[in-house]
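>>> What follows is a predicted structure for the sequence shown.
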Amino acid sequence: MNLENFYLLNYAWIALAVIIFLTLVILKVRAPYGRHTNDKWGKMISNHWGWFWMELPAFLLFPILTFIGPREKDWLTWLVVGLWTLHYFNRTIIFPFRLRTRGKKMPLTIVFSALFFNGMNGFLNGYYLGYLAPEDVPGITVNVVVGLAVFFLGMYINQGTDSRLIALRKKQEGYQIPKGWLFKYISCPNHFGEIVEWAGFAIVAWSIPAVTFAVWTLCNLVPRALNHHEWYQENFEDYPKDRKAVLPKIW
Ligand code: NDP
């Protein structure tokens, strides 16, 4: 595929993300996994293995395509692949098996659709770095430094708040109102952190597929956070009134 067609594919992929975002927000569709899971979507599998399989294509495709591609590997390539691998090693291998959700299942429909979307995002980023990116990479630029700071801040927020949510099940079964730290301001700081993390990644990588992935993350996670926020309000009468869904004080 040449660069022009690759860019067109990215634009089409971004357009699809925006369509999915508008559909999820306007029709208030709740993707049926986690707290919104139900058996109306066909065959179900264990949520631990569901997470593993749906994240695996992104985890593997990006580094594999980067390394089998003919393009010379420079320091920025190693850095970008390293950041991706750091995130996806946790999301694919560690996170799914830390969940304290006994016997919980998710529909195979979700697993297959996420497997496809994650695979496509891994493919776009890997194909670009393996085959298409320019080879004259400059030394360390401001965007690399700023992007790294944003990436690690996002990762810290995402993993720190995922851990707090998982720990809620240590004390008692079932759902509780999360309290403290960023939960004071928003219902889903883990989703907020992930959005920040991939924005940082796009700033470091400074490439169209990295921006495409950041847009996909935003379009996926804002509706999910809105669904979670609404679910908390429906299920807890004493849910804090001034808490927003995903953007402190705004949304
Ligand atoms: P949730 O916040 O819904 O759940 C995370 C874990 O914490 C689950 O085990 C959940 O249990 C448990 N949990 C959550 N809230 C409570 C509560 N109030 N009381 C008790 N237990 C709770 O996260 P998601 O499933 O939406 O996402 C998980 C991770 O994956 C996040 O870091 C998210 O950013 C990331 N993600 C990234 C996407 C992307 O496009 N890049 C897409 C989707 C997710 P249970 O499963 O029973 O609800």
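Noted; the coordinates are in hand. Since this is a predicted model, take the numbers as computed values, not measurements.

>>> quick one: I110 and N47 touch, right?
No. Taking contact to mean CB atoms under 8 Å, the distance of 9.7 Å between I110 and N47 leaves them out of contact. Yep, even glycine has a C-beta here, placed from its N, CA and C like the rest.

>>> which neighbours do those two share?
Residues touching both I110 and N47 (CB atoms under 8 Å, 6 or more residues apart in numbering) are Y33.

>>> Now do the same contact list for G34.
Applying CB under 8 Å, 6+ apart, the residues contacting G34 are N47, M106.

>>> Let me fix that, I meant to ask about W51.
So W51 contacts R91, T92, F95, P96, L99 (CB under 8 Å, 6+ apart).

>>> Am I right that it falls within a helix?
Yes. According to DSSP: H, G, I helix; E, B strand; the rest coil, W51 belongs to a helix.

>>> how near is it to Y127?
Computed as CB to CB, to the nearest Å, the W51 to Y127 distance reads 25 Å.

>>> what's the answer for L65, then?
Taken as CB to CB, the span from L65 to Y127 is 5 Å.

>>> Mind listing the shared neighbours of the two?
Taking CB under 8 Å, 6+ apart as the contact rule, L65 and Y127 have no neighbour in common.

>>> quick one, strands of this structure?
Residue ranges of the strands in the chain, as given by DSSP state E, are 44-46, 105-107.

>>> Output those in CSV; the columns should cover distance to A133, mean neighbour count and mean pLDDT.
Converted to CSV, those look like this (distance: least, CB to CB, whole Å; neighbours: other CB atoms under 10 Å; pLDDT from 0 to 100):
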stretch, distance to A133, mean neighbour count, mean pLDDT
strand 44-46, 37, 16, 96
strand 105-107, 35, 22, 94
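
>>> out of the contacts of W51, who's near the ligand?
Near the ligand, judged by CB under 6 Å from any ligand atom, the entries from the contacts of W51 are L99.
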